[in-house]
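Asks: sequence plus predicted model, see below.
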Amino acid sequence: MRLLSLVSCLALTACNSSSDERAAAEPEAKAVESAVAAVEPPKAEPKAEEPAAAPEAPKGPPGVSFTNVKDGDSIPNGFELVFQVIGKTVKPAGEPIDDKTIGHHHLIIDAKGIEPGTPVPADASHIHFGKGQTKHVLNASPGQHTLTLQFADGAHRSYGPEWAKTITVTVTEPKK
């Protein structure tokens, strides 16, 4: 507060002084500015926020795939499968059911893919990802299994073999 009073006093003196008096008071004013700068932290310049990088679109031919497992792999029970689609957009079921540019994944375990236009059944072998999920923790008995990733429209109607990918994996006991 004393510092503020001193600065105010100097400012009033400078306004009412001749140019010679102001010149003489200049070093004192600079000393006061330096003292103020030492006491008050510098004001931070607002940082410009960097725009978030858009996720890179997957590259490749249109279709579905498992991104972290391939045909012939051995995976432990409890392994998290990751799905992707190229050429269509993942949306929850029911969002416009007749829009052929969108859909959602289905995982078919040890059963055949679904013919185009046929609804994917809902049972233990046909897992629906109607909320638009792109990951699933696999719970299967140890041994060899076929996994078919099937893409379907908003009414769960299959887009057929062009939008399906089947691999065979060996499921092992989880590592302890």
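Replies: Alright, I've got the coordinates. Numbering: from 1, shown residues only.
Asks: on the three-state scheme, residue 174 is what?
Replies: coil (DSSP: H, G, I helix; E, B strand; the rest coil).
Asks: could you report the neighbour count for it?
Replies: By other Cβ atoms under 10 Å, the residues close to residue 174 number 11. In this view, the C-beta of every residue, glycine as well, is placed from N, C-alpha and C.
Asks: verify the stated contact: it with residue 78.
Replies: Yes. At 4.9 Å, residue 174 and residue 78 qualify as touching, with contact defined as Cβ atoms under 8 Å.
Asks: low-confidence stretches in the protein?
Replies: Within the chain, the stretches with pLDDT under 70 are 1-58.
Asks: quick check: domain ranges of it?
Replies: As recorded under automatic domain parsing, the domains making up the chain are 2-39, 63-172.
Asks: give me the nearest residue to residue 91, chain neighbours excluded.
Replies: Sequence neighbours aside, residue 102 is the residue nearest to residue 91 in space, at 4.2 Å (criterion: Cβ to Cβ, 6 or more residues apart in numbering).
Asks: list phi and psi for the one you found.
Replies: phi -130, psi 170 (degrees, to the nearest 10).
Asks: distance of it from residue 65?
Replies: 18 Å (Cβ to Cβ, to the nearest Å).
Asks: circling back to that earlier point, let's have the domains of the chain in JSON lines, adding mean neighbour count.
Replies: Output for the domains of the chain, formatted as JSON lines (neighbours: other Cβ atoms under 10 Å):
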{"stretch": "domain 2-39", "mean neighbour count": "11"}
{"stretch": "domain 63-172", "mean neighbour count": "16"}
